[in-house]
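> test case, fold it:
(one chain, ligands or ions: 1)
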Amino acid sequence: MSRPLIYAANWKMNHGPGAARSFMARFLAVTEPAPERALWFFPPAVSLTPVAEAASARPDIRVGAQNVHWEPKGAFTGEVSIPMVQEAGARVVLTGHSERRHLFGETDEQVARKAVAVLKAGLQPLACLGETLAEREGGRTEHAILRQLDPLLDKVPPADWARLVLAYEPVWAIGTGRNATPDDAAQVHELIRFTVGRRGVPGRVPILYGGSVNAGNVLALLARPELDGVLVGGASLDADGWAELVGLG
Ligand code: PGA
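Predicted structure coming up:
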């Protein structure tokens, strides 16, 4: 495929420093940089440094944090700050992953606040959006997406969108083995792009699709030009499996 594609691996709460080091040793041994393909890794915070160090000679690899606090420091037990993850090697930060929203109660406002802080620090947010099953079945997909997009559009100035990447991840497709069809995904990507453009954001904001992406469905998804890459959980956890998946496009 000729356009630049981003393959993002979200390891969630898997692969501590030792496992991350082994993963990277194997992954780097079986892959080579490819033009027009960026590989982003989101390990747990404690594994950022081992992954960043392992990938230091690979310009195609970028390391990111799964979550940060918006304040640079302070009395926030259990949180990590943007300067800390930056020092550990992160250049990208996931914001608003549905597990953060639904399991840990992050609001649309907080997600936007994090994205703004990430941009201000010179890092890149990968901001996630997606409807729940109830919202989809109730015909409220568009409403849910716009509700999540709005605070981002309100808080991030149009020029800063050049450094922002979005991920559309329908909640009902995450970790369920049930992925959106390429048509479903493309339709929501179009909606997002149309909305962002209407609010004055110049250029083309890259949008990844996520939710049960695997080696069997990635090609059909990426065949749609509305998709600029994929955000992958379960199928990114095995070094050989992930190398195979990123090698398919
Ligand atoms: P999954 O997770 O690929 O395991 O569905 C995707 C994600 O949560 O980013």
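
> separation between the residue in the chain sticking out farthest from the centre and the ligand?
When distances are taken from the C-alpha mean of the chain, residue 75 lies farthest, 27.6 Å away, according to C-alpha atoms, centre = their mean. Using C-beta to the nearest ligand atom, to the nearest Å, residue 75 is found at 30 Å from the ligand. For every residue, glycine as well, the C-beta is placed using N, CA and C.

> same question for residue 30.
21 Å.

> what sits closest to that residue if chain neighbours are left out?
residue 243 (4.7 Å; C-beta to C-beta, 6 or more residues apart in numbering).

> contacting residues around the one you found?
By C-beta atoms under 8 Å, 6 or more residues apart in numbering, the contact list for residue 243 reads 27, 30, 31.

> and it, what helix or strand is that in?
helix 239-248 (DSSP states H and E).

> list the buried ones in that helix?
For helix 239-248, the neighbour count (16 or more other C-beta atoms under 10 Å) marks 239, 242, 243, 244, 245, 246 as buried.

> quick one, phi psi at residue 206?
phi -70, psi 140 (degrees, to the nearest 10).

> okay, now it: neighbour count?
By the criterion of other C-beta atoms under 10 Å, residue 206 has 18 neighbours.

> can you check the pLDDT for the closest residue to the ligand within the chain?
Nearest residue of the chain to the ligand: residue 233, at 2.5 Å (C-beta to the nearest ligand atom). pLDDT recorded at residue 233 is 97.

> could you do residue 1 as well?
54.

> near the ligand, which residues of this structure?
10, 169, 174-175, 210-213, 231-235 (C-beta under 6 Å from any ligand atom).

> filter the residues you listed down to the ones in helices?
Assignment to helices by DSSP state H places none of the residues of the chain next to the ligand there.

> filter these down to the buried ones.
10, 169, 174, 210, 211, 212, 213, 231, 232, 233, 234, 235.

> my guess is the fifth one contacts residue 167. True?
No - with contact defined as C-beta atoms under 8 Å, residue 211 does not count as touching residue 167 (9.5 Å).

> point out where this protein drops to low pLDDT.
Applying pLDDT under 70 to the chain picks out residues 1-2.

> tell me where it has helices.
Listed in chain order, the helices of the chain (DSSP H) span 17-30, 48-54, 82-87, 98-103, 108-120, 133-137, 141-155, 182-198, 218-222, 239-248.

> most tightly surrounded among the ones you listed?
Among those, helix 48-54 has the highest mean neighbour count (mean count of other C-beta atoms under 10 Å), at a mean of 22.

> which strands and helices lie in contact with it?
Where contact means 3 or more C-beta pairs under 8 Å, 6 or more residues apart in numbering; DSSP states H and E, helix 48-54 is packed against helix 17-30, strand 61-65.

> closest to the centroid, which residue in the chain?
residue 126 (4.6 Å).

> and that residue, what does it touch?
8, 40, 64, 92, 93, 94, 95, 165, 166, 167, 208, 231.

> can we see that at 6 Å?
Residues near residue 126 by C-beta atoms under 6 Å, 6 or more residues apart in numbering: 92, 94, 165, 167.

> wait, the residue of the chain closest to the ligand sits on residue 9?
No - taking contacts as C-beta atoms under 6 Å, residue 233 lies outside contact range of residue 9: 8.2 Å.

> relative to residue 175, how far out is the closest residue to residue 195 other than its chain neighbours?
In this structure, residue 195 finds its nearest non-sequential neighbour in residue 149, 5.9 Å apart by C-beta to C-beta, 6+ apart. Distance, residue 149 to residue 175, by C-beta to C-beta, to the nearest Å: 23 Å.
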